[in-house]
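Visitor: coordinates only, sequence not included:
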């Protein structure tokens with residue numbers, strides 16, 4: 001079932017229920033008002049009859065009957081009975097109508113002094129009238145013909161109005177639901193045209209003034225992230241293919257030479273040395289590609305407390321072990337009084353990758369292969385800076401160096417794949433941190449990593 005149909009049905013049910021309840025309440029209130037009003041008229045009639053019959057000596061029973069028969073305000077099927085103290089009938093206004101009564105009703109009236117009840121369709125009022133020490137019971141009965149006629153008319157009007165209102169509500173519900181969901185139908189039509197070849201298509205956000213506009217804005221943000229992911233995938237495939245092609249082509253050429261030419265042992269050894277270099281290059285490239293994939297798939301939901309200085313010293317030891325020519329200096333900007341200032345929640349191997357890459361780059365791009373690492377902190381973050389005195393980064397490249405496979409023009413002669421910094425940025429962001437760079441050509445670069453500590 002379409003949402004438009006569901007909304008129309010639900011809207012109609014809600015409005016119809018409210019109208020039905022409203023009509024029922026109106027009918028019940030009017031019924032109670034009619035009944036109470038008629039009981040008051042019967043009570044007034046009973047009191048008037050008692051006063052005329054008992055208090056006025058000039059009026060006897062026969063005269064009172066004549067008055068009751070000829071009064072203009074007589075009620076339909078009106079009957080008034082008066083009983084003396086021994087429950088004997090003292091007066092009856094008419095002889096051709098009967099009020100069904102018994103001693104139980106008379107005793108009840110004497111006990112409660114005023115009773116409202118009914119006899120079939122007639123309303124009956126019983127009251128106790130006291131005069132000169134005598135207690136008279138008066139029963140007045142009549143049929144509210146006009147009141148019941150009004151009730152029937154009101155019932156017909158409410159039924160008709162309810163049916164017509166429900167029909168109108170259904171039509172209006174369909175109309176307004178269609179209008180409200182019209183933009184959604186437009187979105188569906190636009191979304192159905194979006195494919196992998198036109199991910200730049202965006203929905204009309206309608207200025208974001210309502211939920212539909214907010215939905216469109218959220219969808220557009222999702223499309224932007226999806227587009228970025230596709231672009232990253234294309235870039236990854238393109239650069240990876242390019243980087244893989246060079247060593248593979250070299251391997252192919254060297255193998256073909258060794259097969260086609262009659263070479264000496266020394267020449268074969270030289271070819272094997274070249275093959276080993278190309279294989280090492282392929283291994284390094286594969287490791288770099290794995291570094292890109294790993295942070296994208298990693299989760300730090302099971303993060304543990306990690307001291308940043310321990311991670312930095314581990315990265316220093318590993319680099320000096322593999323590259324003894326590197327000169328790495330690690331110092332504290334200020335001594336931490338509380339170790340929590342330099343402790344964060346995170347993934348230790350990933351953090352080690354960050355500082356290994358930054359320190360390795362600092363040494364690799366410096367003529368003296370030297371890197372200065374400073375550990376600092378503030379009220380909210382642990383700060384680690386890695387500084388070198390290398391070739392620096394051109395200003396126009398500063399905004400792009402964190403993109404995968406991007407390399408500055410002045411670094412193309414130095415071996416590398418342009419992967420490390422993009423990996424560092426992704427890992428730092430996974431830890432809810434930031435990474436900044438300051439650089440000046442021929443004067444070196446400084447990378448600053450900010451990670452929220454646990455204090």
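Guide: Received, thanks. Because the structure is predicted, anything quoted here is derived from the model rather than measured.

Visitor: count the neighbours of residue 193 for me.
Guide: Close neighbours of residue 193, defined as other Cβ atoms under 10 Å, add up to 8. Backbone N, C-alpha and C define where each C-beta goes, glycine included.

Visitor: give me the neighbour count for the residue nearest to it when sequence neighbours are not counted.
Guide: Once flanking residues are discounted, residue 193 sits nearest to residue 201: 7.0 Å by Cβ to Cβ, 6 or more residues apart in numbering. Using other Cβ under 10 Å, residue 201 is surrounded by 14 other residues.

Visitor: the one 10 residues further on too?
Guide: Other residues within reach of residue 211, judged by other Cβ under 10 Å, total 9.

Visitor: what bits of the stretch 201-350 of the chain have low per-residue confidence?
Guide: Scanning the stretch 201-350 of the chain for pLDDT under 70 picks out the ranges 205-209, 232-233, 235-237, 239-240, 242-243, 260-261, 285, 288-301.

Visitor: residue 8 is in contact with residue 177, correct?
Guide: Yes: under the criterion of Cβ atoms under 8 Å, residue 177 makes contact with residue 8 at 4.8 Å.

Visitor: helix/strand/coil for the residue nearest to residue 193?
Guide: coil (DSSP: H, G, I helix; E, B strand; the rest coil).

Visitor: my guess is it contacts residue 220. True?
Guide: No: checked against Cβ under 8 Å, the pair residue 201 and residue 220 is beyond contact range at 9.4 Å.

Visitor: can you report phi and psi for residue 448?
Guide: phi -120, psi 120 (degrees, to the nearest 10).

Visitor: now for it: which residues touch it?
Guide: Shown in contact with residue 448 (Cβ atoms under 8 Å, 6 or more residues apart in numbering): 383-385, 435-438.

Visitor: nearest to residue 157 among those residues?
Guide: The closest of the contacts of residue 448 to residue 157 turns out to be residue 435 (Cβ to Cβ; 76.0 Å).

Visitor: before we move on, which element is the closest one in?
Guide: Take DSSP states H and E as the rule and residue 435 turns out to sit in strand 434-440.

Visitor: what's that strand packed up against?
Guide: Helices and strands touching strand 434-440, as assessed by 3 or more Cβ pairs under 8 Å, 6 or more residues apart in numbering; DSSP states H and E, comprise helix 420-430, strand 444-452.

Visitor: hmm, residue 372 is touching residue 387, no?
Guide: Yes: the pair formed by residue 372 and residue 387 meets the contact definition of Cβ under 8 Å, at 4.7 Å.

Visitor: need the residues touching each of these two.
Guide: By Cβ under 8 Å, 6+ apart, residue 372 and residue 387 have these common neighbours: residue 362.

Visitor: so residue 432, which of the three states?
Guide: Here residue 432 is recorded as coil under three-state DSSP.
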